[in-house]
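Chemist: turn this into a structure:
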Amino acid sequence: MSEPEIIVVGGGVSGLSCASELARAGRRVTVWTAAPPEQTTSAVAAAFWYPYRAEPIERVGPWAAVGYERFASIAADMSRGPKAGVTMREAIEIFAEPRPDPPWSRYVDMFRHAMPDELPPGYGHGLVFEAPVIEMSRYLPWLVGELGRLGVEVIERELHSLAPALAVARVVVNAAGLGARELVGDPRVYAVRGQIVRCERLGIERVIIDEHSAGGISYIIPRAHDVVLGGVADEHDEDPRERPEQTKSIIERCTRLDPALAATALLDVKVGLRPCRDAVRLETEDHGEQLVIHNYGHGGSGVTLSWGCAEEVRERALAWLTARR
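Modeler: Next up is the predicted model:
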């Protein structure tokens, strides 16, 4: 196999999406990842399309819009959607009091304000919309399989700098997530610990989100065979262990939102570290004969922004390579 033109560093959803876009554009691409995709933070994500803890909004919005369209397209294609674990579901975001529609409302289908009888007790406002749910235990293997069909190899290799990748490829895409903090010495990257609870699904069909209550963000995300409950947002906390008191709180908060959860059985608990930053870093560093494209710091929106950011990475890489033929 010939040496790659492009090395993508990072095997989470951001890195794999970038590799897919670049390979589909006809470029020779290899992915280097410190851990296999199924062991990355992406594998733990609740993975519902929803812009969360990512800035700046003027860039996040268009990236999220691309992601919405791409996931909706996958879900609508019966040859891809079920295999990829992507489905479209009705969702409701609830608030104690009315507030302006969020900027992302223009990007989603079936958007409307909730009727009073759709709201749980104690809530006075709600937004109803349709959005993708992505089951990462199926989606990541599907992405890896797609990359294999495109001739992209995924190699486990831990890096302490980008130098080894730059020694091989003309273009290096840094999609290392939280690892970018050490990889490129970026002190603006920090962890926000998350914890989710996976339960039996029963008859729960609709996503429910409460991002603003005093008890912390709460969400209920039904998938094909289970339901994910959350959540937690512990800043600068990198403890990967379950906290039983948080598990109890998550279940209690979510059961108040949907009492049907009182009859469901707990399956397991997972903890992940969101790679947060004060602003997503999607920018280039031109080294003359080589190019580095940074794509990390997506916070709680890694899946939501994955395809939009990957498209921009592709366009930046292709423009640079074309200019240097």
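
Chemist: mind checking how far F129 is from G179?
Modeler: From F129 across to G179, the span is 33 Å (CB to CB, to the nearest Å). (Glycine included, C-beta is placed from N, CA and C.)

Chemist: let me fix that, I meant to ask about G10.
Modeler: 7 Å.

Chemist: one more: E205?
Modeler: Distance from E205 to G179, by CB to CB: 37 Å.

Chemist: dump the residue contacts of H125.
Modeler: Going by CB atoms under 8 Å, 6 or more residues apart in numbering, H125 touches 94-99, 113-114, 119.

Chemist: of G10 and G179, which one has the most company?
Modeler: G10 (30 against 24; other CB atoms under 10 Å).

Chemist: isn't the more buried one up against A35?
Modeler: No - at 9.8 Å, G10 and A35 do not qualify as touching, with contact defined as CB atoms under 8 Å.

Chemist: run through the bridge partners of the closest residue to E235 other than its chain neighbours.
Modeler: Nearest in space to E235, with sequence neighbours left out and distances taken as CB to CB, 6 or more residues apart in numbering, is V192 at 5.3 Å. Using DSSP bridges, the beta-bridge partners of V192 come out as E235, R274.

Chemist: could you measure from V192 over to A54?
Modeler: From V192 to A54 the distance is 11 Å (CB to CB).

Chemist: now the helices: where do they sit in the protein?
Modeler: Assigned by DSSP state H, the chain shows helices spanning 13-24, 57-76, 81-84, 136-149, 163-166, 180-183, 244-257, 302-323.

Chemist: worst average pLDDT in those helices?
Modeler: The minimum mean pLDDT among these belongs to helix 81-84 (a mean of 92).

Chemist: output it as PDB, nothing but the C-alphas.
Modeler: Output in PDB follows, covering the C-alpha atoms of helix 81-84 (Å, rounded to 0.1, in the frame of the first residue of the first chain):
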ATOM      1  CA  GLY A  81     -30.000   3.600   8.400                       C
ATOM      2  CA  PRO A  82     -30.700   0.300  10.300                       C
ATOM      3  CA  LYS A  83     -27.100  -0.900   9.900                       C
ATOM      4  CA  ALA A  84     -25.700   2.400  11.000                       C
END
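
Chemist: the contacts of H125: which two are farthest apart?
Modeler: A96 and H113 (14.8 Å; CB to CB).

Chemist: next up, the contacts around the closest residue to G177 other than its chain neighbours.
Modeler: Distances taken as CB to CB, 6+ apart place P275 nearest to G177, at 4.0 Å, with adjacent residues excluded. Contacts for P275 were tallied using CB under 8 Å, 6+ apart; they are 41, 177-178, 180, 189, 191, 296-299, 302.

Chemist: please produce TSV containing those residues, extended by neighbour count.
Modeler: Formatted as TSV, the contacts of P275 follow (neighbours: other CB atoms under 10 Å):
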residue	neighbour count
T41	21
G177	29
L178	23
A180	24
V189	22
A191	20
Y296	29
G297	26
H298	30
G299	23
G302	27
